[in-house]
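A.B. asks: Sequence and predicted structure are below.
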Amino acid sequence: EAANPMIDSITITSSGFGPRATLDTRDHDMSPSSGVLVDLRANFADDAFGSDFNYETWELSGNYYRRAGPGVMALRAYACHASERTPLFDLCLFGSGSDLRGYEVGRYRDRAMFAAQGEYRFPLGGRWGGVVFGGWGKVAPSFGEMDEQLDLPSIGAGLRWLAAEKARVNLSVDVARARDSTSLYVYVKESF
């Protein structure tokens, strides 16, 4: 019996290795109020390691936390670079991880990405708190082509409920307005 070409699948193997370096001076993992977190990651996929593609990816992120009045100011910047021949699934994906709420993951993807955001986290009373946030970013074929691409802004607000006081773990609900849509997020801890 002949195989149905509509059912055939493609298997792609991506394997590589690379360094990771982290600097973490935050006062708390779940809900920091001071310190920095800087993370550098690289991956070098190569056929010598069994990969079907030869490519590299780089990611650099930095978070900064500082008490400001009754609350905490949190800032984050993220940059991603992927080389030529990077498969679709390993390109820089806007809206993934901790970067800019309001975007569907994968709608904007390419070989270069930058995102920056800030938020103010403040107490409302008892176990309740609030947050306001905003950010901006871009995705392009290269960092040199960023000026030619769409601006990708995000703004929003949210509520926090302190679910575990001793561990400083919040249940978070955010509403984010992005370039094309409005999204609701429900998650544990802070966005970054």
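C.D. replies: Thanks, I have it. Keep in mind that this is a model prediction, so the values were computed, not measured.

A.B. asks: going forward, measure contacts between C-alpha atoms and count neighbours the same way
C.D. replies: Noted.

A.B. asks: Against which helices or strands is the helix or strand of the chain with the lowest mean pLDDT packed?
C.D. replies: Among the helical and strand segments of the chain, the one scoring lowest on mean pLDDT, DSSP states H and E is strand 16-17, with a mean of 86. On a contact count with 3 or more Cα pairs under 8 Å, 6 or more residues apart in numbering; DSSP states H and E, strand 16-17 meets strand 35-45.

A.B. asks: Show me what the strand it packs on pairs with in its sheet, parallel or antiparallel.
C.D. replies: Applying DSSP bridges to the sheet, strand 35-45 is found paired with strand 16-17 (antiparallel), strand 20-24 (antiparallel), strand 55-68 (antiparallel).

A.B. asks: List the contacts of the closest residue to residue 181 other than its chain neighbours.
C.D. replies: Of all residues not flanking residue 181 in the chain, residue 102 sits nearest, at 6.7 Å (Cα to Cα, 6 or more residues apart in numbering). Residues near residue 102 by Cα atoms under 8 Å, 6 or more residues apart in numbering: 95, 154, 175, 176, 177, 178, 181, 182, 183, 184.

A.B. asks: Report pLDDT for residue 102.
C.D. replies: For residue 102, the pLDDT comes out at 94.

A.B. asks: related to what we said a few turns ago, now that we have the contacts of residue 102, which one has the most neighbours?
C.D. replies: Among the contacts of residue 102, the one with the most neighbours (other Cα atoms under 10 Å) is residue 154, at 24 neighbours.

A.B. asks: Please identify the buried residues of the helix or strand that contains it?
C.D. replies: Using DSSP states H and E, residue 154 maps to strand 152-164. For strand 152-164, the neighbour count (16 or more other Cα atoms under 10 Å) marks 152, 153, 154, 155, 156, 157, 158, 159, 160, 161, 162, 163 as buried.

A.B. asks: give the contact list for the second one.
C.D. replies: For residue 153, the set of contacting residues under the criterion of Cα under 8 Å, 6+ apart consists of 100, 134, 135, 136, 137, 178, 179.

A.B. asks: Any idea how many residues pack against residue 32?
C.D. replies: Around residue 32 there are 21 residues (other Cα under 10 Å).

A.B. asks: part of a helix, is residue 147?
C.D. replies: Yes - applying DSSP: H, G, I helix; E, B strand; the rest coil, one finds residue 147 inside a helix.
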